[in-house]
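> generate coordinates for the sequence data below:
(one chain, ligands or ions: 1)
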Amino acid sequence: MLEIKNVSKIYNEGLQFQALKSIDLEVEEGEFVGIMGPSGSGKSTLLNLIGTIDTPTSGKVILGGKEPAKLNSEELAKFRRNELGFVFQNFNLMPTLTVEENIILPLTLDGEKISVMTKKLNIIAERLGISELLKKRIATISGGQAQRVAIARAMIHEPKLILADEPTGNLDTKSSKDVMGLLEDLNQKEASTILMVTHDPFAASYCKKIVFIKDGELVKEIYQNGTREAFYDDILIALKEIEGAQNEL
Ligand SMILES: Nc1ncnc2c1ncn2[C@@H]1O[C@H](COP(=O)(O)OP(=O)(O)OP(=O)(O)O)[C@@H](O)[C@H]1O
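The predicted model follows:
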């Protein structure tokens, strides 16, 4: 469903900098993939290319058979709204709106009927355990609750792919566990395809596969074969290997 073919990204502002070098990556429908790597290795650059926020210097990003780089700005805005769901570290919710207003925002932009929006809203709120919060303003809920709301907003239009950038970055341990359990559930029970950038080995242990990026190149891939606890240990070993090699340099 997602194909990244020989993608490179060179930033041209001021000094040229090659942030990604010939990346090849395929994500199948229903996968839950983590992207890890040292700071500055190119994780956000890669996520921005997949999220159609930026375009590759060379190579192709193909999502659901379409190449977003070929769309005009209006088509692209529609593509992004329909095919992708975004979850960010800082939640990116509208603080003065209520929980329900935030969740239905993507549908409002598409001019959906109120009856359809209400039905979808109630199903997803129930599913994510936030039905009690719908009338509250974002400014009055906790970080863990805000991230649930952000996930509901990312899911409500049933996107092909959910892109999460450090979704537990601003959460305490308990909320991180809740949010990751929720993403795992969406992946397992509703076959949502999820791609998540994270520094946090605990959050990453919920993924089924992790790709490691270093200096703009994919250097390693590991899969969860046994328990999540065993995968957590595998992740720590892989990080040590990659960051250790970096420290030696
Ligand atoms: N707009 C830009 N112009 C020039 N260089 C950039 C730009 N954006 C990012 N870079 C550089 O590209 C490299 C990769 O950045 P990126 O943000 O993708 O890394 P990252 O792995 O997400 O890092 P972090 O984990 O710290 O968020 C870095 O060296 C960064 O300085």
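> give the buried residues for stretch 215-234.
Neighbour counts over stretch 215-234 (16 or more other C-beta atoms under 10 Å) mark 215-216, 218, 222, 224, 231-232, 234 as buried. C-betas here are computed from N, CA, C, even on glycine.
> what helix or strand does the nearest residue to Gln224 once chain neighbours are set aside sit in?
Computed as C-beta to C-beta, 6 or more residues apart in numbering, the closest residue to Gln224 that is not its neighbour in sequence is Phe231, at 4.2 Å. Per DSSP states H and E: Phe231 is located in helix 228-248.
> pLDDT (mean, whole number) over that helix?
For helix 228-248, the mean per-residue pLDDT is 86.
> same question, stretch 183-192
87.
> swap in stretch 116-129?
Averaged over stretch 116-129, pLDDT sits at 90.
> what's next to it, contact-wise?
By C-beta atoms under 8 Å, 6 or more residues apart in numbering, the residues outside stretch 116-129 that reach it are 100, 103-104, 107-108, 131, 133-134, 148, 151-152, 155-156, 182.
> looking at the buried residues of stretch 215-234, which one is closest to the ligand?
Among the buried residues of stretch 215-234, Gly216 lies closest to the ligand (C-beta to the nearest ligand atom), at 7.1 Å.
> tell me, what's the model's pLDDT at the closest one?
Reported pLDDT for Gly216: 96.
> for Gly226, give me its contacts.
Listed by C-beta under 8 Å, 6+ apart, Gly226 has no contact partners.
> what ranges do the helices span in the protein?
Ranges of helices in the chain, per DSSP state H, are 43-50, 73-83, 99-109, 114-128, 143-155, 173-190, 201-204, 228-248.
> any idea which of those is most buried?
helix 143-155 (a mean of 23; mean count of other C-beta atoms under 10 Å).
> burial count for Ile130?
21 (other C-beta atoms under 10 Å).
> for the residue nearest to it when sequence neighbours are not counted, what are its contacts?
Excluding the flanking residues, the one nearest Ile130 by C-beta to C-beta, 6+ apart is Arg148, at 5.2 Å. With contact set as C-beta under 8 Å, 6+ apart, Arg148 has these partners: 128-130, 178-179, 182.
> wait, which of the helices of the chain is closest to Leu163?
Proximity to Leu163 (C-beta to C-beta) singles out helix 43-50 among these, at 5.9 Å.
> how about the residues of this protein near the ligand?
Counting by C-beta under 6 Å from any ligand atom, the residues of the chain close to the ligand are 11, 13, 17, 19, 37, 39-45.
> among those residues, which are located in strands?
11, 17, 19 (DSSP state E).
> check the last one and give its pLDDT.
Here, the pLDDT recorded for Ala19 equals 96.
> please name the residues that touch it.
If you count contacts by C-beta under 8 Å, 6+ apart, Ala19 has them with 9-11, 42, 45, 216.
> make TSV out of those residues and add distance to Asp165.
TSV is the format used below for those (distance: C-beta to C-beta, whole Å):
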residue	distance to Asp165
Lys9	16
Ile10	22
Tyr11	18
Gly42	13
Thr45	11
Gly216	18
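> give me the distance from stretch 43-60 to the chain's centre.
Distance, stretch centre to chain centre, for stretch 43-60: 13 Å (C-alpha atoms, centre = their mean, to the nearest Å).
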